[in-house]
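1. have a look at this prediction, sequence included:
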Amino acid sequence: MRQQPVLEVRGIRKEFPGVVALDGVDFRLFPGEVHALMGENGAGKSTLIKVLTGVYQSDGGEVVLAGERVRIAGPLQAQQAGISTVYQEVNLCPNLSVAENIFIGREPRRFGLVDWAAMRRRAAELVRELDLDVDVSAPLNSYSIAVQQLVAIVRAVDVSAKVLILDEPTSSLDRDEVRQLFAVMRRLRDQGVAILFVSHFLDQIYEICDRMTVLRNGRLEGEYLTSELNQVELVSRMIGAELAGLHQLGGGKRRERTAPTGKAFLQADRLTRRGAVEPYDLDIRPGEVIGLAGLLGSGRTEAARLLFGADQSDGGTLRIEGAVTALRSPRDAIAHGIAFCSENRKTEGLVGELTVRENIVLALQASRGWMRPLPRAAQDAYALRWIRALDIRPNNPEALVRNLSGGNQQKVLLARWLITDPKLLILDEPTRGIDVGAKAEIQKLVANLAEDGMAVLFISAELEEVLRLSHRIGVLRDHRMVAQLDNDGELTPERVMATIASGADQ
Amino acid sequence: GSGGGSGSADKGSGHKLVVGFSQVGAESGWRTANTKSIQESAKKAGVELKFSDAQQKQENQIKAIRSFIQQKVDVIAFSPVVESGWDTVLKEAKDAHIPVILTDRAVDSKDESLYVSFLGSDFVEEGKKAGDWLVKEYAATSGDVNIVQLEGTTGSAPANDRKSGFADAVKGEPKFKVVASQTGDFTRAKGKEVMQAFLKSQPKIDVLYAHNDDMALGAIQAIEEAGKKPGTDIKIVSVDGVKDAFTAMSQGKINYDVECNPLLGDQLMELVKKVKAGESVPRRIKTEEGTFTPEQAAAALPNRQY
Amino acid sequence: MNAHALLTRLRGQIPLLVTAVLLVSMFSVGSVQYEGFFSGQVVLNLLIDNAFLLVVAVGMTFVVLTGGIDLSVGAVVALSTMVSAWLVEQHGWPPLLVIPLVLLMGTAGGWLMGWIIHVFEIQPFIVTLAGMFLARGLCYTISVESISITDPQYTAMAQTRIPLGSLFVSPSALIALLVVAVAFVVLHYTRLGRNVYALGGSEQSALLMGLPVQRTKTTVYAISGFCSALGGVLLTFYMLSGYGLHAVGLELDAIAAVVIGGTLLTGGSGYLLGTLLGVLVLGLIQTVISFQGTLSSWWTRIVIGALLFVFIVLQRLITARRR
Amino acid sequence: MSTATATSPVRAVTRSRLFWPAVVLVVLLLANLAFTPDFFALHLRGGHLYGSLIDILHFGAPLILVSLGMTLVIATGGIDLSVGSTVAISGALACLHISESTDPGSLATVLTALGIALGTALVLGAVNGLLVAKAGVQPIIATLILMVAGRGVAQLITDGQIITVTSDPYKMIGGGYWLTMPFAILLSALVVLATVLLTRSTALGLLLESVGGNPVASRLVGIRAMRLVALVYVFSALCAALAGLMVSSNVSAADGNNAGLWIELDAILAVVLGGTSLNGGRFSIGGTVLGALIIQTLSTTVYTIGIPPETTLVFKAFVVIVVCLIQSPVFRAKFAARGARTRRTTRSHTAAPTNREVGA
Ligand SMILES: Nc1ncnc2c1ncn2[C@@H]1O[C@H](COP(=O)(O)OP(=O)(O)OP(=O)(O)O)[C@@H](O)[C@H]1O
Ligand SMILES: Nc1ncnc2c1ncn2[C@@H]1O[C@H](COP(=O)(O)OP(=O)(O)OP(=O)(O)O)[C@@H](O)[C@H]1O
Ligand SMILES: [Mg+2]
Ligand SMILES: [Mg+2]
């Protein structure tokens, strides 16, 4: 049909001890197309990408680049071969400045020496193109995960490559950034760059992608034109069955909600922390789901961290069950029945070399203290129960979390906090990188927990999700809580966006 | 060397005598006794002693000597960590007109004028004495004499010299065989550990030669635990002559001990005074050191300070 | 560039400033305490006496910045002195041939260790520990005695003094400073240098960002090996002898200097100038000790520890408060 | 990688982190057998078990103890250089007390001596712990302070001399026998057992590994990281002190200058040989014990097969590096594999100590 593919793999096989991650996968990528790689959590998407870019060596099959068979020894060689990649987890150097993270390996040089001024200047320009407002000479780890994700994208996009691979770049971006990103992707596509795009947001797939390849349990399910396959069919291809309750996907109808009355479990009164969030008020009642909406970097995470004692507030008061309480550490918060599921599973969440079981019981065990260990039987029970409930794969409680797929890691993190059954559950981007099916499950779960009287603070970059779940939505802008909107039937994403934009409720 | 400038010139002779002494370290009881003796004699002789401990590091010792030069002391004395590598700093001292006395160990510098005198024992000599005794002891026997040797810290001067001295003494007669030789780092614990291994791996051991008493004392325990009698089943020759060794000798557990006298404080102070007064002093002064048989040891034991 | 950026940049330097200030105050305390302490020569002697340590510590800084560690440095220094003395004295080789040879040897050794560490994924600690054993062992196989050097060129290097007004420095000191300068440029203005920091930040990320991880790693250990060898050469000038027991425990001094200088042992953050300060701190402590001529052997150790303690704690407290 | 996945028992064994250290140990022992045929021979002599193997355990006992403490410290991502000095100090204190007491032979005297030694160790450990956990000083430098000063303190206590004591109860600890076995072996075995129980049958082990594996996350799940870390240094100091008592009791003399000199290096080496990563996280006490035994066997080997002192170090260097290579999965893979492909595969999913998240 068209010209030959820039990148093609045939019969790729990749085994890990105990797991066959990829089994005879074929895949073609043509110049000037945006190609979606679809599949459930653990289907093998990231592994395929890592094989393509030489991070892993395949145990079988061949990679054909621009017509000739190649053996890509590593990411460096991949880059030299014109493949530029954003891997799933933010893989940048937290200790280096934003500018360096964008340019390291290809720094602008004068007389053979790194030209810092030029580097910062150009970095600033690039960042501005995605209208990001960050100081490029500040170290990367001073920025939220979303900012870091964008920096990774900037880096990958800036190298003029033949192939651009984006593994879940949008998992914690919100509308605006996504729009920016898509604009860039279209531009590149029109320049003939072939783009491989992974995302669990079906709408995004259908908005930007021309074709897609679907993986299931490491096997090739098929290759389709986006136009020929509707969302429902796609999902059933991915999970290999008719998904019950598909209505919950994309938009879906809001669940009936009667905002619980009664005295608040937690009351924040002019709570603030210099440089993080301006003073804000917030009441959360048992059984209530409060959503936080705002643009990236608006201070949602900061606001939440104060309620968990992860950061110390330096103003305002916090009441828990009526009593004024100063949370000096997360430990205090946990003692008061508060749980906080961080948006940054890699650095703030999981312990890579511990097993799934150990990671799941960690929080509970910590609150029991080391003297009272959870009996092994109980640990296994918890682990197995949640592995089943959230469909964590592989379903082996003794697998190292490090080796789980991104989405499955996220599920483990969720499970950890759910077993502590807290009075207030703070979820910061809980569905990051989680596939459609599981996402629906988790949303149902949260709703039910709330019905059973748990208070929930729900932060997500995906506005629909926030709207679907929460009774009330706090809107943040530039680290200020600008409004709290009751989520009665009328509240629309547009209205929330407007509020965010204008910085006031109209 | 502007460092010292016309160092000692401007000090009146009525001025209290200042001696800078740089000690190797405090790696053994022997060394500590040596330090003590020097400090006490200095007090007695009314000499102001600037003491500095190099912790077995030559560079520290060089630094110390430099700072003595800076402080314009009258005489510099030091026991070198190792023979070689002193020319530079000694030249600086010479330029600063500060006389240098070596104690306990010589330096191998070609330029004789760098130090005025060397006061101390001769490790090679000690090794020889030990060997000579052995030759006499076994003059009668004709069969092989299996010797195991506990060496000092590998590379350290006493270890090297006592080894070679001993080897020279016994090489005349082929019946003396050093069947095993390992380092015991001059310590009891190591001495015991190594000896225990020897006792297992060597079918027949007649003599133990230890480079210092601590190792010998450790080895004695090992021998006893192996059910042998130290001093009779296995003859033991050792060097140093510390109190504990004498106690062991008086019980017949050590057969011969070559003294290596750490108490050279008084001699040193004498020397310092002479040097300062400009009298001529011999370039080499041996500390008076004996050798001890069990009987002599038993006799000397009561008034043994270290 | 905006003020905020300037601020962050400055905040990065605070530990450095604190260390410097503490160093100066320590020196002034010494000056009021002891006569003859407050002289330019004392300061210069710091450099002269610690030239070799400084060079070694610079190499160590590279390694530590990548999150590694090199225990072999002390032994390699000793080996370099030994080989130099052996070749020059007992085989009469010309110094101008011996010195490059020694440097090459050190570099190769370091490179090899780096290669093993990376390719076989063995922890740096053990590999370099083995390197340490090997280097010391080789010293003894050459000779257990110390070999003194009488070669005129070496003695010249040992005894030349470059006058600065009424004071003087040794060529070694200048070489050391040169090394520091070069290393500074390499670390902050070359890709290699930046890769070193990236590697320390996250090796996994560095790999995925397509940085030459293996090359960087091996190079870093090669650099450390080179610096150790050069340190050995300087030490040979300083001691005019080769000896298997030279520089025992130097690796700890070097690591201490690096860490005192504010470099994180976990890698990724640190300053080369910090290392310079660290070396000076250790040197100054030694000087104080030797000026304080009344300390008995054990009090020497205790005081060194105490000074170190005070220094570290102050450093921590002040920097912590500023944050 | 998880061993629980459906693999044959054989695979499970070879995959266990203890397998390769064990292999190495066995090989070393067999090597000795080649030189001294009756190396494995054990016979009763005066009611005491007697033989090279016993010696190895006997002299290895202190190292095992020190390494034990070191293991937990390293698990939290720290390191403790001060153990050597602690060894010296505790021995010195105990011997000083005994030698000065009116009747050195009495149990009471010895017990108070132990009390003094262990009590002091407790304080020293607490200092390290506070420096690291509270003041946030880097472990290596925090403990370096005590390493330097502590040696001085030990010499101060012994006045630079060797304190000889004659006290049977004290002699028991390191030199005595009980049920035909050297008491030291039993003692350290007991401590090892206790530690295994303490860490594995309580949640301590898990929490330590979590703190070492990801401090930030550990704080966010409410683990009292500070307290744990401080505690670990105290434990390490106590182990070192006990080892110090053994060493000094074994030769019934305290040597402030040389006791425990450089033992910290051996201990760290033992831990690493045992398969615990210096980056913290997962730790294996069993591995550490094996590591310590490997080291002790190595030095015994040197004595028995009579390697000349000047080449000892070279020999050790080679053994260490060979041991590491054998233990390196990559090396084994390369060794087994033909060609590059298999090589690279293994490299990617054997987690190097540095890369924490190969997956996802
Ligand atoms: N290093 C590894 N060791 C062992 N198993 C691994 C490793 N990396 C991935 N796997 C397994 O391979 C399978 C595919 O993982 P992969 O990360 O490719 O999934 P994915 O499609 O990216 O899922 P997600 O959408 O959650 O990112 C998973 O079952 C995972 O457990
Ligand atoms: N861990 C952190 N340390 C320091 N500053 C941070 C950190 N995380 C975020 N910030 C800063 O605070 C601002 C708010 O970030 P935060 O993550 O709270 O916002 P957010 O609304 O959660 O955005 P995101 O959707 O990216 O999480 C960010 O712009 C960043 O500059
Ligand atoms: Mg993935
Ligand atoms: Mg956030």
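-> That came in fine, so what should we check first? Ligands and ions are numbered 1, 2, ... in the order given.
2. and stretch B:114-121, C-alpha only, in PDB?
-> The C-alpha atoms that make up stretch B:114-121 are tabulated as PDB, following Å, rounded to 0.1, in the frame of the first residue of the first chain:
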ATOM      1  CA  LEU B 114      72.000  15.200  57.900                       C
ATOM      2  CA  TYR B 115      71.900  13.800  61.400                       C
ATOM      3  CA  VAL B 116      74.400  14.000  64.200                       C
ATOM      4  CA  SER B 117      73.800  10.700  65.900                       C
ATOM      5  CA  PHE B 118      71.700   7.500  65.900                       C
ATOM      6  CA  LEU B 119      70.700   6.000  69.200                       C
ATOM      7  CA  GLY B 120      69.000   2.700  69.300                       C
ATOM      8  CA  SER B 121      68.900  -1.000  68.900                       C
END
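3. so where is chain D shaky, pLDDT-wise?
-> Along chain D, segments meeting pLDDT under 70 span D:1-15, D:338-360.
4. could you chop it up by domain?
-> D:9-305, D:307-351 (automatic domain parsing).
5. out of the ones you listed, which is closest to A:L445?
-> domain D:9-305 (20.3 Å; CB to CB). Heads up, the C-betas are built off the backbone N, CA and C, glycines and all.
6. any residue of the closest one touching chain B?
-> Yes - Domain D:9-305 reaches chain B (CB under 8 Å from any CB of the partner chain) through D:35-36, D:39, D:45-46, D:48, D:50-52, D:55, D:59, D:155, D:159-162, D:164, D:175, D:247, D:250-253, D:255, D:257-259, D:261, D:299-300, D:302-305.
7. any bit of that domain sitting next to ligand 1?
-> No - counting by CB under 6 Å from any ligand atom, ligand 1 is not contacted by domain D:9-305; separation bottoms out at 13.7 Å.
8. excluding chain neighbours, what is closest to C:W93?
-> Nearest residue to C:W93, sequence neighbours excluded (CB to CB, 6 or more residues apart in numbering or on different chains): C:L87, at 4.3 Å.
9. helix, strand, or coil at the one you found?
-> Look at C:L87: counting by DSSP: H, G, I helix; E, B strand; the rest coil, its state is helix.
10. just the pLDDT for it.
-> You'll see C:L87 listed with a pLDDT of 96.
11. again with the one 5 residues further on
-> Looking at C:G92, its pLDDT is 92.
12. are we agreed that it is in a strand?
-> No - under the criterion used here (three-state DSSP), C:G92 is coil, not part of a strand.
13. tell me how many other residues crowd it.
-> 8 (other CB atoms under 10 Å in any protein chain shown).
14. need phi/psi at it.
-> Dihedral pair for C:G92: phi 60, psi 30, per degrees, to the nearest 10.
15. what of C:I147?
-> phi -110, psi 120.
16. nearest residue to it in space, please, no chain neighbours.
-> Using CB to CB, 6+ apart, the closest residue to C:I147 is C:A85 (3.9 Å).
17. wouldn't the one you found be in contact with C:M239 here?
-> No - taking CB atoms under 8 Å as the definition, C:A85 is not a contact partner of C:M239, at 9.3 Å.
18. what do those two both touch?
-> Counting by CB atoms under 8 Å, 6 or more residues apart in numbering or on different chains, C:A85 and C:M239 have no shared contacts at all.
19. so for stretch A:418-436, first residue to last residue, what's the gap.
-> For stretch A:418-436, the separation between the terminal residues is 20 Å (CA to CA, to the nearest Å).
20. average pLDDT for it?
-> pLDDT averaged over stretch A:418-436 gives 92.
21. next one: stretch A:379-398
-> Across stretch A:379-398, pLDDT averages out at 93.
22. now do the contacts for the residue nearest to C:I147.
-> Contacts were defined as CB under 8 Å, 6+ apart; by that measure C:A85 touches C:S146, C:I147, C:S148, C:I149, C:T236, C:S241, C:G242, C:Y243.
23. in strands, which of these fall?
-> If you go by DSSP state E, the contacts of C:A85 have C:I147, C:S148, C:S241, C:G242 in strands.
24. tell me the one of these nearest ligand 2?
-> C:G242 (53.0 Å; CB to the nearest ligand atom).
25. skipping adjacent residues, who's closest to that closest one in space?
-> What sits nearest to C:G242 in space, not counting adjacent residues and going by CB to CB, 6+ apart, is C:A85, at 2.7 Å.
26. and for A:R274?
-> Closest to A:R274 by CB to CB, 6+ apart is A:D314, at 5.7 Å.
27. same question, B:I62
-> In this structure, B:I62 finds its nearest non-sequential neighbour in B:V89, 4.8 Å apart by CB to CB, 6+ apart.
28. likewise B:K228?
-> B:I234 (6.1 Å).
29. quick one: the most centrally placed residue in chain D from C:L240, how far?
-> By CA atoms, centre = their mean, chain D has its centre lying nearest to D:S67, at 1.4 Å. In this view, D:S67 and C:L240 are 41 Å apart by CB to CB, to the nearest Å.
30. appreciated, that's everything.
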